[in-house]
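*Asks:* kindly return the folded structure for what I paste below:
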Amino acid sequence: MLYLFTGDDEFSIEAAVLRLKQEHQIGSLHFRRVAARLKGEADVDELIQYLLDALTFTIDGEPQLFWFEDLALTAGAPGLAKMQPYLEALADPDAPSMVVISASAIDGRLSLAKWLKANAESQHFDLVAPWEKEALIAQARAIAAKVGVKLSYSAASALVKRVGNSPRLTHQAAQLLALHAGEMTPDLIDGLVPMQTNDGIALARALLQRDVKAAMAELDRSMAQQEPPLRLIALLTQQVRQWIGIKAALAVQPRADNVTLAKMINLSGNPNRIYYLKQEVEAPTLEMLIRLTRLVTATENALKTNGGKANEIRAMRDLVLAVGRVVA
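*Replies:* Numbering: from 1, shown residues only. Now for the predicted structure:
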């Protein structure tokens with residue numbers, strides 16, 4: 001059996017994989033979690049060997065579960081065509097192993113992506129947007145309920161302020177709260193749960209304002225929280241694209257209402273978010289935003305080309321310094 005899990009909610013993807021493991025009674029010896037980040041032919045060959053193992057190798061005749069984590073299903077990723085025949089064989093219900101492929105992004109134009117969508121059991125897991133307050137509060141209450149913690153609306157709101165839109169951090173905080181008896185008040189949550197909010201927006205705003213000191217502080221906080229740099233870049237890219245979209249839309253229809261503007265830039269969710277976007281792009285020019293996009297894209301390429309924590313931190317710091325020098 002073949003599964004395809006996509007989206008940027010890594011915690012929910014992991015939870016879905018572990019549910020499969022539990023439902024099919026897969027023991028630890030029969031579960032293999034493989035980092036599927038492909039940078040060259042050697043990585044491709046190693047991954048194909050794992051696929052061969054999934055097709056031919058069993059332990060005590062018991063089924064196995066292979067999780068190929070964070071496979072790049074995007075244009076330019078090496079080895080995708082070479083992997084497809086093995087995946088086609090694994091899609092057979094009689095295959096000796098179950099395989100989960102997870103990917104934060106997927107290019108639907110690729111032949112392998114089209115085949116996976118048509119032949120694998122697919123699920124999509126996206127993080128709730130940081131500005132979707134009601135959805136975040138509902139998420140916090142649902143996650144807390146799973147560990148036996150009942151949160152009022154105000155308590156859930158206080159928790160969201162401290163952990164942001166991260167389901168993982170929300171789950172960890174809920175486990176901490178479960179150790180305490182009594183009513184979960186906002187004051188109790190403020191006292192127990194450390195401030196861990198990091199949605200990338202504060203860093204994006206600091207970059208927009210060319211505030212190098214503030215941007216470096218936000219970046220240091222993100223690194224201290226083990227935030228993956230590529231996820232930060234994805235958030236920055238999303239934010240800058242929204243700024244460019246609203247700036248261009250206002251140039252065409254300066255008097256359009258928020259609902260109309262939201263439709264023009266394909267902004268889902270609460271159209272009142274447009275009010276804040278308009279405030280944020282009032283000063284910067286469209287040319288400035290385009291330059292910022294180019295710098296963010298260059299940083300993304302550097303992160304994908306040069307691995308290692310030291311190189312990743314250097315690339316992010318170079319971005320902050322470059323914005324301070326160039327964007328004007």
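
*Asks:* how about stretch 249-261: buried residues?
*Replies:* Buried residues in stretch 249-261, defined by neighbour count with 16 or more other CB atoms under 10 Å: 249-250, 258, 261. Every C-beta, even on glycine, is put in place using the N, C-alpha and C of the backbone.

*Asks:* tally of neighbours for residue 26?
*Replies:* Residues lying near residue 26 (other CB atoms under 10 Å) number 19.

*Asks:* in contact with it, which residues?
*Replies:* 20, 63-65, 98 (CB atoms under 8 Å, 6 or more residues apart in numbering).

*Asks:* from the residues you listed, which would you call buried?
*Replies:* Buried members of those, scored by 16+ other CB under 10 Å, are 20, 64-65, 98.

*Asks:* now compare those residues and name the two farthest from each other.
*Replies:* Farthest-apart pair in the buried ones among the contacts of residue 26 is 20 and 64; separation 11.8 Å (CB to CB).

*Asks:* and the longest helix for the chain?
*Replies:* helix 229-252 (DSSP state H).

*Asks:* got a pLDDT number for residue 94?
*Replies:* pLDDT recorded at residue 94 is 81.

*Asks:* count of residues packed around residue 58?
*Replies:* For residue 58, using other CB under 10 Å, the count is 13.

*Asks:* so residue 151 versus residue 176, what's the distance?
*Replies:* 13 Å (CB to CB, to the nearest Å).

*Asks:* what's the first helix or strand after the longest helix of the chain?
*Replies:* Next in sequence after helix 229-252, counting helices and strands by DSSP states H and E, comes helix 258-264.

*Asks:* what about the strands in the chain?
*Replies:* Assigned by DSSP state E, the chain shows strands spanning 2-6, 31-35, 64-69, 97-103, 121-124.

*Asks:* nearest to residue 88, of those?
*Replies:* Going by CB to CB, the one of the strands of the chain nearest residue 88 is strand 2-6, 8.9 Å.

*Asks:* now do that closest one: distance to the chain's middle.
*Replies:* 16 Å (CA atoms, centre = their mean, to the nearest Å).

*Asks:* equivalent analysis for stretch 26-45, please.
*Replies:* 20 Å.

*Asks:* go through it and flag the buried ones.
*Replies:* 26, 30-32, 34, 36, 38, 44.

*Asks:* for that stretch, measure first residue to last.
*Replies:* With CA to CA, to the nearest Å as the measure, the first residue of stretch 26-45 is 26 Å from its last.

*Asks:* quick one: mean pLDDT for that stretch?
*Replies:* Stretch 26-45 comes out at a mean pLDDT of 81.

*Asks:* and what of stretch 65-81?
*Replies:* The average of the pLDDT scores along stretch 65-81 is 81.

*Asks:* just put the buried ones among the contacts of residue 26 in CSV and tack on distance to residue 140.
*Replies:* Shown next, in CSV, are those (distance: CB to CB, whole Å):
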residue, distance to residue 140
20, 25
64, 35
65, 30
98, 32
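
*Asks:* if we can go back for a sec, of residue 151 and residue 176, who's got more company?
*Replies:* residue 151 (23 against 15).

*Asks:* list the contacts of that one.
*Replies:* Contact partners of residue 151, counting by CB under 8 Å, 6+ apart, are 140-141, 144-145, 159, 184.
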